[in-house]
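Asker: here is my input; please provide its structure:
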Amino acid sequence: IHRVETEDGDYMFCFDNTFSTISEKVIFFELILDNMGEDGQDQEDWKKYVTGTDLLDMKLEDILESINSVKARLSKSVQIQTLLRAFEARDRNIQESNFDRVNFWSMVNLGVMVVVSAVQVYMLKSLFEDKRKNRT
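Answerer: Below you'll find the model as predicted:
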């Protein structure tokens, strides 16, 4: 997770795979923009529609502050859920890779055990064979 203070303008992101071009990489990328200038403008727009006494203005300010707080918390929870989904997807890929690897080596082990058991049966049979020639 990287946090960067930015200014107005165009930005470009580059993901480089020159370290290992053979192996596959999974990248999760999310751009979160905090403190956009439009939020302050929205509050000013609300203030235009507020009419009445100072007490009413104070209550509407409190309600607006609560709504903005809930909105910020909801957006933060959405970001956290998205991040958790990305972690889950990464872990799922690792588990599937490990599952395939375990299955492959289990089959190799099974093949080796079958070959060894066949060789042992052949060796035991050869021990009990009578190799002398019968003279009659």
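Asker: let me see the ranges of the helices in the protein.
Answerer: With helices called from DSSP state H, the chain shows them at 38-49, 54-128.
Asker: could you dump those helices to TSV with mean pLDDT, distance to residue 31 and mean neighbour count?
Answerer: (Glycine included, C-beta is placed from N, CA and C.) Formatted as TSV, the helices of the chain follow (pLDDT from 0 to 100; distance: least, Cβ to Cβ, whole Å; neighbours: other Cβ atoms under 10 Å):
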stretch	mean pLDDT	distance to residue 31	mean neighbour count
helix 38-49	57	16	10
helix 54-128	89	11	11
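Asker: in JSON lines, list those along with distance to residue 16.
Answerer: Output for the helices of the chain, formatted as JSON lines (distance: least, Cβ to Cβ, whole Å):
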{"stretch": "helix 38-49", "distance to residue 16": "34"}
{"stretch": "helix 54-128", "distance to residue 16": "19"}
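Asker: which one of those helices lies nearest to residue 20?
Answerer: Of all those, helix 54-128 sits nearest to residue 20, with 15.8 Å by Cβ to Cβ.
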